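A.B. asks: mind looking at a prediction? Sequence and model below.
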Number of protein chains: 2
Amino acid sequence: MSAPVYLGIIGVGGVGTAFLQQLARLPNAPKLVLLARSNQTLLSPTPSYSPAIPAAEWKTAVEAPSLTKSGALTHDEIAGYLASAPGRSILVDNTSDPALASSYPIFLRRGVSVVTPNKKGFSSDLALWKEIFSAANEGNALVYHESTVGAGLPVISTLKDLTATGDEVTRIEGVFSGTLSFLFNTFAPASGSSSAKWSDVVSQAKELGYTEPDPRDDLNGMDVARKLTILARIAGLEVQSPDSFPIESLIPSELASLPSSAEGIKEFMTRLPEFDGQLAAIKEGAEKAGKVVRYVGSIDVGKKEVRVGLQQFDKDSAIAGLKGSDNIISFYTRRYGSNPLIVQGAGAGGDVTAMGVTADLIKVIQRL
Amino acid sequence: MSAPVYLGIIGVGGVGTAFLQQLARLPNAPKLVLLARSNQTLLSPTPSYSPAIPAAEWKTAVEAPSLTKSGALTHDEIAGYLASAPGRSILVDNTSDPALASSYPIFLRRGVSVVTPNKKGFSSDLALWKEIFSAANEGNALVYHESTVGAGLPVISTLKDLTATGDEVTRIEGVFSGTLSFLFNTFAPASGSSSAKWSDVVSQAKELGYTEPDPRDDLNGMDVARKLTILARIAGLEVQSPDSFPIESLIPSELASLPSSAEGIKEFMTRLPEFDGQLAAIKEGAEKAGKVVRYVGSIDVGKKEVRVGLQQFDKDSAIAGLKGSDNIISFYTRRYGSNPLIVQGAGAGGDVTAMGVTADLIKVIQRL
């Protein structure tokens, strides 16, 4: 058997909690030696990095006298702690923190591999993307981030397999947001009909917990733009930043300047019905053409074009027929010809996102 | 950089040729030291295992005086040659030979990893399946066989990720044969209609090269049954053999005893029109219920049931809407809930099958 692998985790929100549950049930799990939340860090004492933190009982482990407790550590300190472990180590970042993402190169250069569903490191400035992968190379460390696009769906691994084996990816197209999938599948279903107003559908999704706490974080299209940025870069396009291509925002321009405070959210939701007519007109326009409207992202690799926004689709198309909050991603390639390779299913949710993280973790351990 | 990895390939048919092309373009490709076809073996001379065989010019490499030429070697001899290489080694089996598949344990026990699209080793007797994986364990070698189901589509890797991360797979369902997909998509399209006779569709598929040389090898359902056997075993069912569950054959019983000779094939194709009425009745039966008929495989993990045969599907279902010779595989799991994780696309063809082999090869090299 191979030497033990040491694991540090930052973030215990929805995905983090689900990941800890999966980790606790993993055979041959790595040794969990660091668990950090915003203001608290739990560590296995140095220099032995033992005992490990029990993943199943991490909530009560804080009371264990054999573990070290501390306030928030700097990213530098965490990287130093993991890099000094008596074996290879892995950081799992279960936050969506851009500052932590900017610190990945510090970890990687010191030989600490990174596994994460955090999109920020891979979808921000192109310079950070390049620095992450050169740092990984330098530190002989690995970076896996399947869950940054489509949660646990095999999207990034499939795209990497296509390009690594020499296929030519010509176009990637799909529905990349579970929230926007739900909104349009409900607002403009492909079979049957709906008389629901747009603002009602948004309210319903918010109440069901399908949107971010501030629904504008879904409606502005930035989450989709970040996912497209990641895929386009893997496909070989040097996308400068997630706002360097056209993004159609579903936030009415009149409401764009409302503050992001709780009052701002409230006023946004209160005033959203004023704009129901706009979405109704878009829906009816599509219906007159026998189609439905969907919020999609697309990458034309040859033309180097990335686009995010509304598009009309035939009612019998796979995109129109999506159910619930499913994602669908179509890869058009030279080898696959006119019928794309398609991956479809839930693209959000704690359990399936954590599944992508856990599967990545297993692969990194196998390679270390 | 890691130590060089040594590669032996058996089989240079359709998939083998496409694989050699992909291998030739691979950065950091392993050293190709053995290339075997039915009656001829090309080897890098021992003890240096150098020079390597040029993957791009393997056809002319036979003339190179620096390489060793030989007739057919036994599997034992090939295993010995690869196991004695001055580094880790991999066998790529690009044949569909059951005898070679039965020899995988010999390779694996000696530390030679196996990568293959050959279904035989994983879908024959359960004892061989078990022996393969225990031999791999013993020899600290790896076995990857993504292309045994759905060619290059991420089917096996997805199922393994689901189970390895602790999801519970409850049901797997899909169209697993590109040939039967084409036959039924053409014979009973979901949109529009077709007046084509069953025997004409089979003839057309045969002429297009979509069927095996003997179309009965597709119509008997055994190819689908073998794929289901593999998936069921990965999902945890101890399927004894590919004929230990119900398989609906599309070969009319009156023609079942025709010999497998060229004359037998000819007589089969000549007499097939006599049975057009049977398939027409099945098609019409489905149409009366507003459905279409498709040839599918399904695994109910809870009930431990595997089935292969004809089933009716709603015209707006994903299975009914398949195009060309595409495969579709739906994974129903606890985490994914009522909407399955779906993988869809071409499930046959030299290039996409070879892609699965090449992607597996890359993963094995990364882990060795």
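C.D. replies: The structure has been received and is ready for your questions.
A.B. asks: what helix or strand is A:Ile90 on?
C.D. replies: Under the criterion of DSSP states H and E, A:Ile90 resides in strand A:89-93.
A.B. asks: export that strand to CSV, keeping only CA atoms.
C.D. replies: Output in CSV follows, covering the C-alpha atoms of strand A:89-93 (Å, rounded to 0.1, in the frame of the first residue of the first chain):
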residue,chain,number,x,y,z
SER,A,89,-1.0,16.5,1.0
ILE,A,90,-4.2,17.8,-0.6
LEU,A,91,-6.2,20.9,0.0
VAL,A,92,-10.0,20.6,-0.6
ASP,A,93,-11.4,24.1,-1.0
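A.B. asks: can you list contacts of that strand?
C.D. replies: Under the criterion C-beta atoms under 8 Å, 6 or more residues apart in numbering or on different chains, residues A:5-11, A:19, A:30, A:33, A:78-79, A:82-83, A:100-101, A:104, A:107, A:111-116, A:118, A:357, A:361, A:364-365, A:368 lie in contact with strand A:89-93. Placement of C-beta: from N, CA and C, glycine included.
A.B. asks: give me the buried positions along the helix or strand that it is followed by.
C.D. replies: Under the assignment DSSP H and E, the closest C-terminal helix or strand after strand A:89-93 is helix A:98-102. For helix A:98-102, a neighbour-count test (16 or more other C-beta atoms under 10 Å in any protein chain shown) marks A:Leu100, A:Ala101, A:Ser102 as buried.
A.B. asks: can you list the domains in chain A?
C.D. replies: Domain segmentation of chain A under the TED database yields A:6-152+A:352-366, A:155-346.
A.B. asks: sorry, back to before: and chain B, which of the buried residues of helix A:98-102 reach it?
C.D. replies: Counting by C-beta under 8 Å from any C-beta of the partner chain, nothing from those sits close to chain B.
A.B. asks: mind putting the residues you listed in TSV, distance to B:Gly178 included?
C.D. replies: What follows is the buried residues of helix A:98-102, written out as TSV (distance: C-beta to C-beta, whole Å):
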residue	distance to B:Gly178
A:Leu100	45
A:Ala101	42
A:Ser102	46
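A.B. asks: what sits against A:Ser325?
C.D. replies: Counted by C-beta under 8 Å, 6+ apart, A:Ser325 has contacts A:Gly178, A:Thr179, A:Ser181, A:Phe182, A:Asn185, A:Tyr210, A:Ala346, A:Gly347, A:Ala348.
A.B. asks: okay, now the sheet partners of the strand holding A:Ile90, with direction.
C.D. replies: When pairing is defined by DSSP bridges, strand A:89-93 lines up against strand A:6-10 (parallel), strand A:112-115 (parallel).
A.B. asks: rebuild these as TSV, extending it with mean pLDDT.
C.D. replies: Supplementary listing: these in TSV, determined by pLDDT from 0 to 100:
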stretch	mean pLDDT
strand A:6-10	98
strand A:112-115	98
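A.B. asks: so which of those is the most packed in?
C.D. replies: Of all the strands paired with strand A:89-93, strand A:112-115 has the most neighbours on average by mean count of other C-beta atoms under 10 Å in any protein chain shown, namely a mean of 27.
A.B. asks: picking up where we left off before, got TSV for the domains of chain A, with distance to B:Glu305 too?
C.D. replies: As requested, those are arranged in TSV below (distance: least, C-beta to C-beta, whole Å):
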stretch	distance to B:Glu305
domain A:6-152+A:352-366	26
domain A:155-346	23
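A.B. asks: which residues does the helix or strand of chain A with the lowest mean pLDDT contact?
C.D. replies: Here the helix or strand of chain A ranked lowest by mean pLDDT, DSSP states H and E is helix A:58-61, holding a mean of 86. Residues from elsewhere that reach helix A:58-61 (C-beta under 8 Å, 6+ apart): A:Val12, A:Leu20, A:Leu32, A:Leu35, A:Leu42, A:Ile53, A:Pro54, A:Leu67.
A.B. asks: got it, and stretch A:24-39?
C.D. replies: Residues from elsewhere that reach stretch A:24-39, judged by C-beta under 8 Å, 6+ apart: A:1, A:4-12, A:23, A:41-44, A:49-50, A:52-56, A:58, A:61, A:71-73, A:78, A:81-82, A:85, A:89-90, A:358, A:361-362, A:365, B:165-166.
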